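K.L.:
give the three-dimensional model of this entry:
(one chain, ligands or ions: 1)
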Amino acid sequence: MSSTRVLVLNSGSSSVKYQLLDMRDSSRLAAGLVERIGEETSRLKHTPHGGEAREWTGSVPDHEAALKAVATELAKDGLGLDSPELAAIGHRVVHGGLRFTEPTVVDDAVLAEIERLVPVAPLHNPANLTGIRTAQALRPDLPQVAVFDTAFHTTMPESAARYAIDVETADAHRVRRYGFHGTSHAYVSRATAKLLGRAPEDVNVIVLHLGNGASASAVRGGRCVDTSMGLTPLEGLVMGTRSGDMDPAVIFHLMRVGGMSADEIDTLLNNRSGLIGLCGDNDMREIRRRIDEGDERARLAFDIYIHRLKKYIGAYYAVLGRVDAVAFTAGVGENSAPVREAAVAGLEQLGLAVDDGLNAVRGDEPRLISPADARVAVAVVPTDEEMEIATQTYALVGKDG
Ligand code: AMP
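P.N.:
Just a heads-up that it's a prediction; the model follows:
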């Protein structure tokens, strides 16, 4: 029997998201989520393909228990992790530093390097490591593949990747711009080229990944040349709960004048800023509803969000010189027609416009929303990070399956 299945695991500090895919035909066999790991009220939601979702609430003390619970659910559908059809487990790993430019089969040296990167990704890499170790314990014979969020951005030139600070200090502490959401930017830029009927090598794309976290990237001929997130995911666009760009002196000011600690400011900028800090909501649906009711704070939050987004479109237009497409993706980018409309409003001189009728259409497929005669294509391209992780994992290990 050939092994064509890949389990994709996205392990967070208190959650595990998973999908089981069959790479023979890129079909999804099951998907699910374990949340609130370590609490009394952990929740598992498991959806077999084409079947009813099953939910379960109880205590899941740690990641090992979470993965065992996932294995039990999969087994109920005849998709157990002990199946010889499982070719590999693909793991989302947030920070791969400069070393990991490609998906990588995990061994002890790879685990040690991911561990070494914990200081630059203190929230994410430890959880990713726990996920890998737990999966290894469950299926020690199976290849575990790490797919890094930073990898797609390692092609950025030094001029885009370096901060203009003292080089020795920066290098001593590995301070540079790494970028994140790389799996999504890679997938969406390729899918956009496909939508245009062109090869990725021939197409320049600005990808706008607008979810609760948000980032933009400039992709020239399939290679990332700039992206908006930096050393951490805090830099760049206004996000659901993160500030994005600001004068770094705000931090010293809050320390010296506001009496806040580094940890307090970290929490402020990562969790209590962005849309939620500006208006108390981070869900774009809720913000739009409030705007429709005349809420001024929601309006201002939206305007600040759009202003920043527009600045990045302009910046990446200049970086690329020639732009073939602007692609909107992730929760906000795929679903919010008002955000897409406002982001390109007034950019007709750059060849950018949306057709109101096309922009209003909802759907799961990649689609163009620019007028037929537009110089630059504007597209909605649903992202699929799990499929991309599975594809990369299978490409690495599946050949001899
Ligand atoms: P993500 O991080 O990609 O899952 O995106 C989550 C975000 O997408 C939510 O916080 C919402 O702001 C946004 N979102 C999801 N669905 C919609 C929708 N139908 N309309 C507008 N925004 C949406």
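K.L.:
report pLDDT for the residue in the stretch 51-200 of the chain that the ligand sits nearest to.
P.N.:
The ligand sits closest to Ser184 of the stretch 51-200 of the chain, with a gap of 8.8 Å, by C-beta to the nearest ligand atom. All C-beta spots, glycine's among them, are computed from the backbone N, C-alpha and C. Looking at Ser184, its pLDDT is 96.
K.L.:
now do it: how many residues are near it, please.
P.N.:
Ser184 is flanked by 23 other residues according to other C-beta atoms under 10 Å.
K.L.:
that one is in contact with Glu385, isn't it?
P.N.:
Yes. Here Ser184 lies in contact with Glu385, judged by C-beta atoms under 8 Å, at a distance of 5.3 Å.
K.L.:
sheet partners, orientation included, of the helix or strand containing Leu7?
P.N.:
Assessed by DSSP states H and E, Leu7 sits inside strand 5-11. The strands beside strand 5-11 in its sheet (DSSP bridges) come out as strand 16-22 (antiparallel), strand 86-93 (parallel).
K.L.:
from the chain's centroid, how far away is the longest one?
P.N.:
In terms of C-alpha atoms, centre = their mean, to the nearest Å, the centre of strand 86-93 is found 17 Å from the chain centre.
K.L.:
can you tell me what sits against that strand?
P.N.:
3-11, 23, 100, 103, 106, 114, 125, 128, 131-132, 135, 139, 142-149, 183, 385, 389-390, 392-394, 396-398, 401 (C-beta atoms under 8 Å, 6 or more residues apart in numbering).
K.L.:
can you map out the helices along the stretch 101-250 of the chain?
P.N.:
For the stretch 101-250 of the chain, the helices defined by DSSP state H, counting those that start in this stretch occupy 108-116, 125-138, 158-161, 167-172, 182-195, 249-256.
K.L.:
please identify the most buried of those helices.
P.N.:
The highest average neighbour count among the helices of the stretch 101-250 of the chain, using mean count of other C-beta atoms under 10 Å, belongs to helix 182-195 at a mean of 24.
K.L.:
what does that one contact?
P.N.:
Residues from elsewhere that reach helix 182-195 (C-beta under 8 Å, 6+ apart): 92, 147-153, 199-200, 202-203, 205, 207, 209, 215, 217, 219, 222, 224, 227, 325, 327, 329-330, 366-368, 377, 379, 381, 383-385, 387-389, 392.
K.L.:
from Ala137, how far out is the residue of the stretch 51-200 of the chain closest to the ligand?
P.N.:
Per C-beta to C-beta, to the nearest Å, Ser184 is found 29 Å from Ala137.
K.L.:
same check, this time on Ala164
P.N.:
Taking C-beta to C-beta, one finds Ala164 at 45 Å from Ala137.
K.L.:
deepest-packed of the strands paired with strand 5-11, please.
P.N.:
Among the strands paired with strand 5-11, ranked by average contacts under mean count of other C-beta under 10 Å, first place goes to strand 86-93 (a mean of 26).
K.L.:
next, the angle from it to helix 108-116.
P.N.:
Relative orientation of strand 86-93 and helix 108-116, computed by axes from the mean of the first three to the mean of the last three C-alpha atoms, to 10 degrees: 30 degrees.
K.L.:
average model confidence for strand 86-93?
P.N.:
96.
K.L.:
got it, and stretch 283-302?
P.N.:
98.
K.L.:
which residue comes closest to the closest residue to the ligand within the chain once chain neighbours are left out?
P.N.:
Closest residue of the chain to the ligand, C-beta to the nearest ligand atom: Gly331 (2.1 Å). Excluding the flanking residues, the one nearest Gly331 by C-beta to C-beta, 6 or more residues apart in numbering is Gly211, at 4.5 Å.
K.L.:
what count of nearby residues applies to that neighbour?
P.N.:
For Gly211, using other C-beta under 10 Å, the count is 18.
K.L.:
and the gap between it and Ala345?
P.N.:
To Ala345, Gly211 is 22 Å away according to C-beta to C-beta.
K.L.:
wait, Glu115 sits on Leu129?
P.N.:
Yes. Using C-beta under 8 Å, Glu115 is in contact with Leu129, at 6.3 Å.
K.L.:
wait, the residue nearest to Gly331 touches Phe328, no?
P.N.:
No. Gly211 lies out of contact with Phe328 (C-beta under 8 Å); the separation is 11.0 Å.
K.L.:
okay, the strands paired with strand 5-11 in TSV with distance to the ligand next?
P.N.:
Formatted as TSV, the strands paired with strand 5-11 follow (distance: least, C-beta to the nearest ligand atom, whole Å):
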stretch	distance to the ligand
strand 16-22	11
strand 86-93	14
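K.L.:
please identify which of those is closest to Pro233.
P.N.:
For Pro233, the closest of the strands paired with strand 5-11 is strand 86-93, at 13.5 Å, according to C-beta to C-beta.
K.L.:
okay, now the unreliable bits of this protein?
P.N.:
1, 399-401 (pLDDT under 70).
K.L.:
what residue of the chain is the furthest out?
P.N.:
Here the chain reaches farthest from its C-alpha mean at Val257, the gap being 35.2 Å by C-alpha atoms, centre = their mean.
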